[in-house]
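Engineer: Quick one: sequence plus predicted model below, questions after.
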Amino acid sequence: MDLTAEIVRYSRMAFGIFEFARTPAISNPVESLRQNLENRDKNFLDLVLHTIYASPKNPYHKMLLKVRCEFPDLERGVCRDGLEPTLKRLQQAGVYLTHDEFKGKLPIIRDGALIETDAHSFENPLISAKIEARSGGSRSAGSRTRHSVRAQLHWEQYQRVLAQELGIEHDPFVALLPILPSVTGLTVSLRGRQYHWQVEKWLCGGR
């Protein structure tokens, strides 16, 4: 383990969590989610254009080029047939990732050709994320995930809507969540006061 890199990583994460804790909540999560759904196709195309097609090393970029799907082709398909049918055709053509391929447990091979990846292959070039975590690596090296404050706020909307729908937004709860480097338990505890969430206990299961 590179001690200096770990110090930098956790320092950056501390600043990210501090920034997130101070960021105001989205005032109307239901309306925000509704707008996201109404603009889903456009948001998807914008994301793919600026992340996948703009990143030649991205595995999806390589797979899309293999099936001769440039961005204008993808855009026409989504506008003409809708998002799900277009993605289904691409999946059938070989543009997909299995869980083991994403985790690095299996090589990505399409039409007999190896698509090489590394630890940075799936990073989003549009964000400069301070909040970072790594999944467990009991059978692999683990997967590093980087989160922006915006992504945390997006996730938070779903939790608020779920709590409202269940009628438990003012009830105390016990969180069974991992400790650092996962930040979920910490962010839920820090942000809970903004939504009247009463975190009574934070429990972490061991291995």
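Structural biologist: Received it, and whenever you're ready, just let me know what you need.
Engineer: Quick one: the strands in this protein, in order.
Structural biologist: For the chain, the strands defined by DSSP state E occupy 108-110, 113-115, 131-134, 144-147, 172-176, 198-203.
Engineer: name the helices or strands packed onto the fifth one?
Structural biologist: To tie it back to what came earlier, the one meant is strand 172-176. helix 184-191, strand 198-203 (3 or more CB pairs under 8 Å, 6 or more residues apart in numbering; DSSP states H and E). For glycine as for every other residue, the C-beta is placed from the backbone atoms N, C-alpha and C.
Engineer: Return the most buried member of those.
Structural biologist: Highest mean neighbour count among the helices and strands packed on strand 172-176 (mean count of other CB atoms under 10 Å): helix 184-191, with a mean of 17.
Engineer: What is that one packed up against?
Structural biologist: Packed next to helix 184-191, using 3+ CB pairs under 8 Å, 6+ apart, are helix 3-22, helix 149-166, strand 172-176, strand 198-203.
Engineer: related to what we said a few turns ago, between the helices and strands packed on strand 172-176, which one is nearest to Arg12?
Structural biologist: Nearest to Arg12, of all the helices and strands packed on strand 172-176, is helix 184-191, at 14.6 Å by CB to CB.
Engineer: Which residues does that closest one contact?
Structural biologist: Residues from elsewhere that reach helix 184-191, judged by CB atoms under 8 Å, 6 or more residues apart in numbering: 17, 20-21, 25, 152, 156, 159, 175, 177-180, 197, 199, 202, 204.
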